[in-house]
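Student: What follows is a predicted structure for the sequence shown.
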Amino acid sequence: MTQQQQPATTGPGTTIPAPSVRQLTFQWAGGPAIPVLSVVIALLLGAVFVLLSGNDPVAAYAALVQGAFGTPYDLTETLVAAIPLVLTGLAVAIAFRTGLFNIGAQGQLLVGALAAGWAGAQFASWPGIVLMPTVIVFGVAGGAFYGGIVGFLKAVRGVNEVITTIMLNYTIVFVMHWLLQAGPMSAPNALGTPASTPIGAGARLPVIIPNELVLFSRLHAGIILAALAVVVFWFVLWRTPLGYRLRAVGLGAHAAAQAGIDPARHMVLVMAIAGGFAGLGGMIEVSGIFGRVYDGFSSSYGFDAIAVALLGKNSPLGIVFAALLFGAFVHGGAYMQSHAGISSNLVAIIQAFVLFVIAAEALVRSLTRRRGARKPVEAIA
Amino acid sequence: MKRFLAFSVLAATIVASCATTGTPGASGTPAASGSATGAHPRIGLVTDVGGLNDKSFNSLADKGRKDAESQLIVTTSVTESKQQADYVPNLTKYAQDKYDLVIGVGFLMQNAIWKVAKQFPNVKFAIIDGAPQDDGGKTENLPNVANLFFKEQEAGYVVGVIAATMAKNKVGAATHNTVCSMGGIPIPPVDRYIAGYQDAVKTVSPTTKILNGYSNDFVDQQKGLEVGKSHIAQGCDILFQVAGGSGLGYIQAAKAAGVYAIGVDADQSSVAPGTVITSALKKVDVAVFQTIRSIRLDTFKAGDNSFNAANDGVGFGTLDKVVPADAKAAATQALADIKSGKITPKDTVQVKP
């Protein structure tokens, strides 16, 4: 079972003598081919829009690349932008693997941020060695609780998770307005943007790039937490019995039930885990970037996450690459606007095309398949 | 093997084409910055999350930038912020590129300006509608930051005079003697507009009913539309929006119901002709232009800079033909009285939601 689970990552020829071309083609077609082609097609379609707006697409994309990776500072900023997307991407992906469509990463991230922000301010005087784990636990638990509600409703009443996640996204936005504008979490500060009381110094994720190396970098230790989360995602799904059961439910809840796996219980579990990932993402933004919770600080991390998970094919490495790509879009887009004079909304257009093309995967698949080649066998990966 | 080779060639081509796409940028940018390091001051403008097409605040700041580009000898560019986390890197990019002046549009950037301006003491900054604010939320004036403030209550007062006069005399569709306003988030600049508006209504027409609400958003039009519908259902027929992009939804609600709206910041008469009777102008473009000019003339002033009726920093916009002559005369008189100091509009909101 385990051998055939990683068709994309197993390199050619370990003990088996020289893999056939057909095998390689299958690996390419089943692995990175569709995401890569989707991005290429999306970029080409985006270029059409640049042309239509009377600009030069080559200059636009050059500025985009330059803006995202041009200097060490830009590189670190691209990473900073990618971190929350990795976590929300994992939140969407793990639910996908269990057959659930988690549109609620946005809400789960906000709950995680609020919980972490509350704990960070409440226990501000604690030393970092105690406070940091506390804040992490609060962030993860907050998100897990919010995701768990969705799983619970699905398991107990069969309520469609798409509906509940979308509704809960709205709920938390307004709860957040209340908490931060006039409610118990709002900072008493006459001139300020609605925000919570700053978290304690011990709850701040330190910047990991010294100023001598990259001046004013904001790249914080959250990247380590994100990397750990990716490993946990991989380990849980592919190296534990729980992960096996989750994937079994995802492939067919009825079949899984026949095999003695309780789908309902696993739906609650997976939504809690998904919420935990997103909540950690919220905690990282609060601890690593803002140092407090700003009202409406996250506009789209949870929604971009759907694109990230789809583009990453719900695989750990795929999500990392997709998040990096979207992080590059976010940070490079600003530079493209200021230096090539092209609206950074182009980035949103390209992202939309990426989604669109992935949704039309069947079409792309037919383009990648060579004459007569049989459809590669989909493994449980 | 042949196909494997073909595939490698394909891959190589893709990589090569990516590389060539990268080259123009790599060679183009140093050239661009090289030409600009001469005498021309370079000005960078960073919008807040409202974006350039809010037909209000950010678009006005951008107009000021463009006016400066065409009338003064300066080079300018603009960056839109997509989310709050973008403020610091967007401001930092311009500072790193050694721009002479970096302008942050909006109150929401107070902490970001503080962070970046402290790191780049040799770059001048300006922030519209705010002042640098440290991590604890305390205002700290910096020697390289100009804080551009407006007396919004003065603009709110003048349009309030128009609304009150029309409500009192039941002009056109304004039949319920009720006026209302909607802010985005209840932050001081928003509330100052509303305070002036309410002050004028209470002064000019004490019997007129006043409603007030917030969309809790500066972007989402739908939220503005919902608040607008609710206000209209309560009898309001003159709706004053103070919510950026979200306020456009408020205007849409007025248009759909056939009642009147008042625009904000920019002249919004073109948003819905016949619906928008006038606009409370906060001349962000004037402030941006003047600040860029101060760089040219070397008269840049750090700390608070006030834009008000007296220096033409606020006012009212195009009047629709439904606005009667007496309302227009009253508004003009009120503006003159504010200039001369005869009227001092209140700056705290009296009617809360």
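Tutor: Here it is on my side, so go on.
Student: just for chain B, where's the confidence low?
Tutor: B:1-39 (pLDDT under 70).
Student: correction: chain A
Tutor: A:1-19, A:25-30, A:188-193, A:362-381.
Student: what's near enough to touch the closest residue in space to residue B:57 that isn't next to it in sequence?
Tutor: Nearest residue to residue B:57, sequence neighbours excluded (CB to CB, 6 or more residues apart in numbering or on different chains): residue B:265, at 5.0 Å. For every residue, glycine as well, the C-beta is placed using N, CA and C. Listed by CB atoms under 8 Å, 6 or more residues apart in numbering or on different chains, the contact set of residue B:265 reads B:56, B:57, B:60, B:244, B:279, B:280, B:281, B:282, B:284.
Student: Please name the bridge partners of the closest residue to the first one other than its chain neighbours.
Tutor: It refers to residue B:56. Once flanking residues are discounted, residue B:56 sits nearest to residue B:265: 4.2 Å by CB to CB, 6+ apart. Per DSSP bridges, the residues bridged to residue B:265 are residue B:281.
Student: Residue B:265 and residue A:173, how far apart?
Tutor: Residue B:265 sits 25 Å away from residue A:173 when distances are taken as CB to CB, to the nearest Å.
Student: Just flag the most distant two among the contacts of residue B:265.
Tutor: Spanning the widest gap among the contacts of residue B:265 are B:244 and B:281, at 14.6 Å by CB to CB.
Student: Between those two, tell me which one has more neighbours.
Tutor: Taking neighbours as other CB atoms under 10 Å in any protein chain shown, residue B:244 and residue B:281 compare with residue B:244 leading, 29 against 26.
Student: Now do the contacts for the nearest residue to the more buried one once chain neighbours are set aside.
Tutor: Closest residue to residue B:244 apart from its sequence neighbours, by CB to CB, 6+ apart: residue B:218 at 4.0 Å. Contacts for residue B:218 (CB under 8 Å, 6+ apart) come out as B:48, B:49, B:50, B:54, B:184, B:185, B:243, B:244, B:245, B:246.
Student: quick one: stretch B:300-320 near chain A?
Tutor: No - using CB under 8 Å from any CB of the partner chain, stretch B:300-320 never reaches chain A; the gap is at least 12.4 Å.
Student: Now do the buried residues in that stretch.
Tutor: Buried residues in stretch B:300-320, counting neighbours by 16 or more other CB atoms under 10 Å in any protein chain shown, are found at B:300, B:302, B:305, B:307-309, B:313-320.
Student: State the distance from residue B:153 to chain A.
Tutor: Per CB to the nearest CB, to the nearest Å, residue B:153 is found 16 Å from chain A.
Student: In the stretch 51-200 of chain B, what residue comes closest to chain A?
Tutor: Proximity of the stretch 51-200 of chain B to chain A (CB to the nearest CB) peaks at residue B:137, 3.7 Å away.
Student: Report how many residues lie close to that residue.
Tutor: Neighbourhood size, residue B:137 [other CB under 10 Å]: 19.
Student: Based on its surroundings, how many neighbours for the residue in the stretch 51-200 of chain A positioned nearest to chain B?
Tutor: When distances are taken as CB to the nearest CB, the stretch 51-200 of chain A reaches nearest to chain B at residue A:62, 3.1 Å away. Per other CB under 10 Å, the neighbour tally for residue A:62 reads 25.
Student: repeat for residue A:37
Tutor: Other residues close to residue A:37 by other CB under 10 Å number 18.
Student: A helix includes it, no?
Tutor: Yes - counting by DSSP: H, G, I helix; E, B strand; the rest coil, residue A:37 is located in a helix.
Student: residue contacts, the residue nearest in space to the middle of chain B?
Tutor: Nearest to the mean C-alpha position of chain B, by CA atoms, centre = their mean, lies residue B:57 at 1.7 Å. By CB under 8 Å, 6+ apart, the contact list for residue B:57 reads B:48, B:50, B:105, B:106, B:128, B:244, B:265, B:266, B:282, B:284.
Student: among those, which are in strands?
Tutor: B:105, B:128, B:265, B:282 (DSSP state E).
Student: helix or strand for residue A:347, which one?
Tutor: helix A:345-359 (DSSP states H and E).
Student: What residues sit buried inside that helix?
Tutor: Taking 16+ other CB under 10 Å as the criterion, helix A:345-359 shows A:345, A:346, A:347, A:348, A:349, A:350, A:351, A:353, A:354, A:355, A:357, A:358 as buried.
Student: Repeat that for stretch B:49-59.
Tutor: Here stretch B:49-59 shows B:49, B:50, B:51, B:52, B:54, B:55, B:56, B:57, B:58, B:59 as buried, counting by 16+ other CB under 10 Å.
Student: and what of stretch B:120-131?
Tutor: So stretch B:120-131, judged by 16+ other CB under 10 Å, has buried residues B:120, B:123, B:124, B:125, B:126, B:127, B:128, B:129, B:130, B:131.
Student: Tell me who's in contact with the residue nearest to residue A:136 when sequence neighbours are not counted.
Tutor: Leaving aside its sequence neighbours, residue A:136 sits nearest to residue A:283 (CB to CB, 6+ apart; 6.1 Å). Residue A:283 makes contact with A:112, A:113, A:115, A:116, A:135, A:136, A:138, A:139, A:140, A:142 under the criterion CB under 8 Å, 6+ apart.
Student: Buried residues of the helix or strand where residue A:283 lies, list them for me.
Tutor: According to DSSP H and E, residue A:283 maps onto helix A:263-285. Neighbour counts over helix A:263-285 (16+ other CB under 10 Å) mark A:263-264, A:266-285 as buried.
Student: pretty sure residue B:309 is touching residue B:340, no?
Tutor: No - under the criterion of CB atoms under 8 Å, residue B:309 is not in contact with residue B:340, lying 9.4 Å apart.
Student: In the stretch 151-300 of chain B, what residue lies closest to chain A?
Tutor: Closest contact between the stretch 151-300 of chain B and chain A, by CB to the nearest CB, is at residue B:216 (4.7 Å).
Student: Assign that residue to helix, strand or coil.
Tutor: Quick answer, by three-state DSSP: residue B:216 is coil.
Student: Pull the number of nearby residues for it.
Tutor: Residue B:216: 23 neighbours (other CB under 10 Å).
Student: Just list the residues touching it, thanks.
Tutor: A:174, A:177, A:181, B:184, B:185, B:223.
Student: In terms of helices and strands, where is the residue nearest to residue A:104 when sequence neighbours are not counted?
Tutor: Using CB to CB, 6+ apart and skipping the chain neighbours, the partner closest in space to residue A:104 is residue A:165 (2.9 Å). For residue A:165, the element it lies in under DSSP H and E is helix A:161-181.
Student: Now the element after that helix, going C-ward?
Tutor: Taking DSSP H and E, what comes next after helix A:161-181 is helix A:222-239.
Student: Packing partners of the helix or strand just after that next one?
Tutor: Tracing the chain past helix A:222-239, the next element assigned as helix or strand by DSSP H and E is helix A:241-251. Helices and strands touching helix A:241-251, by 3 or more CB pairs under 8 Å, 6 or more residues apart in numbering or on different chains; DSSP states H and E, are helix A:72-97, helix A:222-239, helix A:253-258, helix A:263-285.
Student: With distance to residue A:55 as new columns, can those helices be given to me in a markdown table?
Tutor: Converted to a markdown table, the helices and strands packed on helix A:241-251 look like this (distance: least, CB to CB, whole Å):
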| stretch | distance to residue A:55 |
| --- | --- |
| helix A:72-97 | 21 |
| helix A:222-239 | 34 |
| helix A:253-258 | 49 |
| helix A:263-285 | 33 |
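Student: Appreciated, that's everything.
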